[in-house]
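Trainee: model this:
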Amino acid sequence: MTSTGTTQTIRHPFRVLMVTGAYPTEKLPHKGTFIKSQADSLSAVGVEIEVLHPGTGPILLRYPLTIMRVFLKTLTGHFDIVHGHYGQWCLFARMQWTTPVVASFLGDDLLGTVTTSGSYSTMSRLVVRMSHWLCRRVDAVIVKSEGMKKAASGCRTGESLPSWWLLTDCHKQNSCNTLMRAMHSSSHRLPRAHPIL
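Mentor: This next block holds a predicted model:
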C-alpha cells in the first residue's frame, strides 16, 4: 500500500527464456550469431533474456537434459515467454505447460533439407513433420520468409512484423503482444530488416 491507500503494482521486466542449439561460443564464435543478435537487440529495449544453450555432447544426454532444464526453469514462474529456435528446440520449449511458447522456425525445419540426389533425408522429413505438428501447438510462430509462411499454411495466420520475422496468432495475448512490441522496437538494430506482408 502507498501512503494514499492505493495498492501499487510492481512490474518486472519482460522475461524470455531462449532455447537454442546454436549460439556463439569461444570454439564456434560464428554459430548462431543471428540468435545472439536478436537476444542483444531485445535486451537493449529492456527485455530480460536468459539463453539456454546446452552446448555440445551426445544427443541422448543433451536433449533430455535440455527438456528437464526448460521444465524446471518454467516451474518457477520467472519467465513470460519461452522462445525456441529451430524445430526440435521449439519442441523442447513446448514440453512444459506453465509458460507461453514462441517457436522460431529457421528454414529447413519447415522446408526440409534436399540431399544431393534431390530427395529429402529421413531425418529431414521427420523434423519437417514435427515442426508442422508443433506450429499448431505453440502460442506464436515466427518464420523468416514468405516461402516458410506458405510451408506453414496449416498454422494460424496473423500479424507481420517490420523485419524478417512473421509472428502468428498468440493465445496468451498479453505475453505475445509484449514480445511482439519488443521485437518491433529492436528490429531497427537487426540486419536485413524489411516487411513481409
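Trainee: all helices for this protein, in order.
Mentor: Ranges of helices in the chain, per DSSP state H, are 33-44, 59-75, 87-94, 108-111, 122-134, 146-151, 173-186.
Trainee: Please identify the deepest-packed of those.
Mentor: Of the helices of the chain, the one with the most neighbours on average (mean count of other CB atoms under 10 Å) is helix 87-94, at a mean of 25. Every residue, glycine included, has its C-beta placed from N, CA and C.
Trainee: Quick one: list the elements packing against it.
Mentor: Other elements packing on helix 87-94 under the criterion 3 or more CB pairs under 8 Å, 6 or more residues apart in numbering; DSSP states H and E are strand 15-20, helix 59-75, strand 81-85, strand 101-104, helix 108-111, helix 122-134.
Trainee: Just the CA coordinates for the fourth one, please, in PDB.
Mentor: In this case it means strand 101-104. Extracted C-alpha coordinates of strand 101-104, given in PDB (Å, rounded to 0.1, in the frame of the first residue of the first chain):
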ATOM      1  CA  VAL A 101       5.900 -20.600 -26.200                       C
ATOM      2  CA  VAL A 102       7.100 -18.700 -29.300                       C
ATOM      3  CA  ALA A 103       8.600 -21.000 -31.900                       C
ATOM      4  CA  SER A 104      11.100 -19.500 -34.400                       C
END
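Trainee: Pull the residues that contact stretch 120-133.
Mentor: With CB atoms under 8 Å, 6 or more residues apart in numbering as the test, stretch 120-133 has contacts from 87-88, 90-91, 105, 108-115, 152, 154-155.
Trainee: which among these gets closest to residue 79?
Mentor: residue 90 (15.3 Å; CB to CB).
Trainee: Enumerate every residue touching that closest one.
Mentor: Applying CB under 8 Å, 6+ apart, the residues near residue 90 are 19, 84, 101, 103, 104, 105, 109, 131, 134, 138.
Trainee: Turn the helices and strands packed on helix 87-94 into TSV, columns for mean pLDDT and distance to residue 36.
Mentor: As requested, the helices and strands packed on helix 87-94 are exported to TSV (pLDDT from 0 to 100; distance: least, CB to CB, whole Å):
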stretch	mean pLDDT	distance to residue 36
strand 15-20	95	9
helix 59-75	95	18
strand 81-85	93	11
strand 101-104	89	13
helix 108-111	90	19
helix 122-134	91	22
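Trainee: Can you add distance to residue 95 and give the ones you listed back as CSV?
Mentor: CSV is the format used below for the helices and strands packed on helix 87-94 (distance: least, CB to CB, whole Å):
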stretch, distance to residue 95
strand 15-20, 10
helix 59-75, 5
strand 81-85, 10
strand 101-104, 9
helix 108-111, 16
helix 122-134, 10
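Trainee: now for the ones you listed, which one comes closest to residue 42?
Mentor: Comparing the helices and strands packed on helix 87-94 under CB to CB, the one sitting nearest is strand 15-20, at 6.8 Å.
Trainee: Partner strands of the closest one and their direction?
Mentor: strand 48-52 (parallel), strand 81-85 (parallel) (DSSP bridges).
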